[in-house]
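> Next comes the sequence, and after it the predicted model I'd like to discuss.
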Amino acid sequence: MFGLDIAVGVFAALVVVLLFAAIKTVPQGFNYTVERFGKYTRTLEPGLNIIIPLFDRVGSRMNMMEQVLDVPTQVVITRDNASVEADGVCFYQVLNAPKAAYQVAGLQNAILNLTMTNIRSVMGSMDLDELLSNRDAINERLLRVVDEAGSPWGIKITRIEIKDINPPTDLVDAMARQMKAERDKRAEVLEAEGERQAQILRAEGLKQAEILKAEGEREAAFREAEARERLAEAEANATRAVSDAIASGSTQAINYFVAQKYTEALQTIGSAPNQKIVMMPMEASSLIGSLGGIGAIAKEVFGDNPSGGSSPSRTVPPTGRVTQGS
């Protein structure tokens, strides 16, 4: 009876052990491969799964989430023989657990070496200037090449980023001097262009000023000529009227015309700036007689004789005198 109890207890313990061995819980984000006698049979999905104890066993526990792999710093020789140091980061995700488990030994090490070799290949095919200014193109080429190479392993390369590109110190100094020279050159070109533009604008301004000045002088000359023409026309009309009066025998008109010209001549003589004393000739007394003629004409036009008859002119005897101007 005692032996039977021991056997039952051992059997119960064996059943419990077998149950624990048969029940497998897979966490979220993982896949387990099942091997039967060393051969892959199936994949366990997240959740509660049952296998056959003693025949089946869990082979690989594959992380199906996206993972990050740091790419260490390495030396790269560019196409123009410049030595630079570069490092990066690689993002990948396992899509097929059996392939990732059985197609490659050491998945992370394989991805790391594949990424490093392709970094040297891609960056080594570019010049230094192109390398420093086209990181997006480098990342795109690396992603395409590494993803294609890793597809038989059941993985997906989601992103590859170059973190740092470090040229040697002497090369950095040379690039700084080159950049400074380029900036100085652009500054001088811009300054020269600005000076040239300023000279052009100044020349345009002077040109416009000369044009406006010439147009103003032309307009002034035109108006002056027009005024002279009108004055000459008025004088011609006055002369014609006097000539008509002379032809009709009007002595008052003759006296008026002579007195006007004589008065203008005396005004010109008297207004000379270098004359303080004006010597009047004896013939100046005839001006009074002419003025008498002017008075007679005025009486005929505005005076008491509306019929327009002519009255005899009065002549003042000539007298000579000297007038001292101030």
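Sure, I can see it. On a predicted model such as this, the values are computed, not experimentally measured, just so you know.

> What values do phi and psi take at residue 167?
The phi and psi values for residue 167, taken as degrees, to the nearest 10, are phi -70, psi 170.

> Hmm, residue 134 and residue 126 touching each other?
Yes: with contact defined as C-beta atoms under 8 Å, residue 126 and residue 134 form a contacting pair (7.2 Å). Every residue, glycine included, has its C-beta placed from N, CA and C.

> neighbour-wise, which of the two wins?
The neighbour comparison of residue 126 against residue 134 (other C-beta atoms under 10 Å) goes to residue 126, with 19 against 14.

> going on from whichever strand or helix holds residue 13, what's the next piece of helix or strand?
Under the criterion of DSSP states H and E, residue 13 resides in helix 2-22. Next helix or strand after helix 2-22 toward the C-terminus (DSSP H and E): strand 23-26.

> What residues sit buried inside that following strand?
With burial defined by 16 or more other C-beta atoms under 10 Å, the residues of strand 23-26 counted as buried are 24, 26.

> packing partners for that strand?
strand 47-50 (3 or more C-beta pairs under 8 Å, 6 or more residues apart in numbering; DSSP states H and E).

> try 10 Å
Using 3 or more C-beta pairs under 10 Å, 6 or more residues apart in numbering; DSSP states H and E as the contact test, the elements touching strand 23-26 are strand 30-36, strand 39-44, strand 47-50, strand 56-63.

> Work out the gap between it and the centre of the chain.
A distance of 67 Å separates the C-alpha centroid of strand 23-26 from that of its chain, computed with C-alpha atoms, centre = their mean, to the nearest Å.

> In its sheet, which strands sit next to that strand, and in what direction?
Listed by DSSP bridges, the sheet partners of strand 23-26 and their directions read strand 47-50 (antiparallel).

> gap between the longest helix seen in the chain and the chain center?
Taking DSSP state H as the criterion, the chain has its longest helix at helix 169-247. The chain centroid and the centroid of helix 169-247 are separated by 30 Å under C-alpha atoms, centre = their mean.

> helices or strands up against it?
Helices and strands in packing contact with helix 169-247 are listed as helix 128-133, helix 251-270; criterion 3+ C-beta pairs under 10 Å, 6+ apart.

> Surely residue 50 is in contact with residue 23?
Yes: applying C-beta atoms under 10 Å as the test, residue 50 and residue 23 come out as touching, 5.9 Å apart.

> hang on, the earlier thing: worst mean pLDDT among the helices and strands packed on helix 169-247?
Sorting the helices and strands packed on helix 169-247 by mean pLDDT places helix 251-270 lowest, at a mean of 67.

> Common neighbours of residue 126 and residue 134, please.
Any residue near both residue 126 and residue 134 by C-beta atoms under 10 Å, 6 or more residues apart in numbering counts here, and that gives residue 141.

> and the gap between the spatially most central residue of the chain and residue 183?
For the chain, the residue sitting closest to the mean C-alpha position, by C-alpha atoms, centre = their mean, is residue 190 at 13.0 Å. Residue 190 sits 10 Å away from residue 183, going by C-beta to C-beta, to the nearest Å.

> Could you double-check that residue 49 lies in contact with residue 33?
No: counting by C-beta under 10 Å, residue 49 sits too far from residue 33 to count as a contact (11.7 Å).

> Next, show the common contact partners of these two.
When contacts are counted by C-beta under 10 Å, 6+ apart, the set common to residue 49 and residue 33 consists of 42, 43, 58.

> Can you lay out those as CSV showing neighbour count, pLDDT and distance to residue 200?
Supplementary listing: those in CSV, determined by neighbours: other C-beta atoms under 10 Å; pLDDT from 0 to 100; distance: C-beta to C-beta, whole Å:
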residue, neighbour count, pLDDT, distance to residue 200
42, 14, 94, 84
43, 18, 94, 79
58, 14, 92, 85
